[in-house]
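# Need the 3D shape of this:
(2 chains)
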Amino acid sequence: AQKITQTQPGMFVQEKEAVTLDCTYDTSDQSYGLFWYKQPSSGEMIFLIYQGSYDEQNATEGRYSLNFQKARKSANLVISASQLGDSAMYFCAMRERRLLAEKLVFGKGTKLTVNP
Amino acid sequence: ETGVTQTPRHLVMGMTNKKSLKCEQHLGHNAMYWYKQSAKKPLELMFVYSLEERVENNSVPSRFSPECPNSSHLFLHLHTLQPEDSALYLCASSQDRASGGSTDTQYFGPGTRLTVL
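Residues are numbered from 1 along each chain as shown, chains lettered A, B, ... in the order given. The predicted structure follows:
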């Protein structure tokens, strides 16, 4: 079974600084996908960034980048130039293949607080 | 209206009540999902519908009954719930790649925060 581990229950960062949120995964699949979602206090899960297991370059989306180290089975999220609005829960997830539909397995999340 | 919407946003019900949660997606996707998010636990997948057929039922108690009348709408019917069922219920949709779609990112609605008294 696939597993996602987020070892940081909470992280603090100063506004305008960069922060790295850790994610490690375990899978026996050769082809897989890794996702990061942001969940503000309002509850909605907001898709941030995706990395495919065969993608040679690290994914980037604006201020978000994914530090993908396949041999270490890690997919850390880097947020550059933190903003107060970045304060939220962040979840790492892995796509699990199914015959007829995809399934996401989520980690327990990291609560990020951006201080002014 | 765009994205994935859910109603109601908040729901308080007694253990003997019957209620339904509604999810609607405006993204043209063909797969829809129900997740449960309890305090201090990872998101748990409950049900998956692909092309309006249920393809996954993750050992969910029968007091939760999903319904997918078409590819845009998904319901979760609730009856005789327990206090431990209090949680945030999230709906998501995606374009199922098995059906030839090009993306499998799941997009979520804002959730229904359910309290069972």
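# Quick one: name whatever helix or strand follows the helix or strand where residue B:91 lies.
Applying DSSP states H and E as the criterion places residue B:91 in strand B:87-94. The helix or strand immediately downstream of strand B:87-94 is strand B:107-108, counting by DSSP H and E.
# Tally up the residues packed near residue B:86, please.
Using other CB atoms under 10 Å in any protein chain shown, the number of residues around residue B:86 comes to 17. Just so you know, the C-beta spots here come from the backbone N, C-alpha and C atoms, and that holds for glycine as well.
# Could I get the pLDDT score of it?
Note for residue B:86: predicted pLDDT of 96.
# Could you pick out the residues of chain B near chain A for me?
Listed as neighbours of chain A in chain B under the rule CB under 8 Å from any CB of the partner chain: B:31, B:40-43, B:45, B:48-51, B:53, B:55-56, B:88, B:90, B:92, B:94, B:96-98, B:104-111, B:113.
# If any of those residues are buried, put those into a ChimeraX selection.
Buried residues within these, by 16 or more other CB atoms under 10 Å in any protein chain shown, are selected in ChimeraX with:
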select /B:31,42,43,45,48,49,50,55,56,88,90,92,94,96,98,104,105,106,107,108,109,110,111,113
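# mind listing what residue B:58 touches?
B:44, B:45, B:46, B:47 (CB atoms under 8 Å, 6 or more residues apart in numbering or on different chains).
# number of nearby residues for the closest residue to residue A:50 other than its chain neighbours?
Leaving aside its sequence neighbours, residue A:50 sits nearest to residue A:35 (CB to CB, 6 or more residues apart in numbering or on different chains; 5.4 Å). Using other CB under 10 Å, residue A:35 is surrounded by 25 other residues.
# now swap in the one 4 residues further on and tell me
Using other CB under 10 Å as the criterion, residue A:39 is surrounded by 21 other residues.
# and it, what is it in contact with?
Applying CB under 8 Å, 6+ apart to residue A:39 gives the contacts A:45, A:46, A:88, A:89, A:90, A:91, A:109.
# So the nearest residue to it once chain neighbours are set aside versus residue B:57, what's the distance?
Leaving aside its sequence neighbours, residue A:39 sits nearest to residue A:89 (CB to CB, 6+ apart; 4.3 Å). Going from residue A:89 to residue B:57 by CB to CB, to the nearest Å gives 27 Å.
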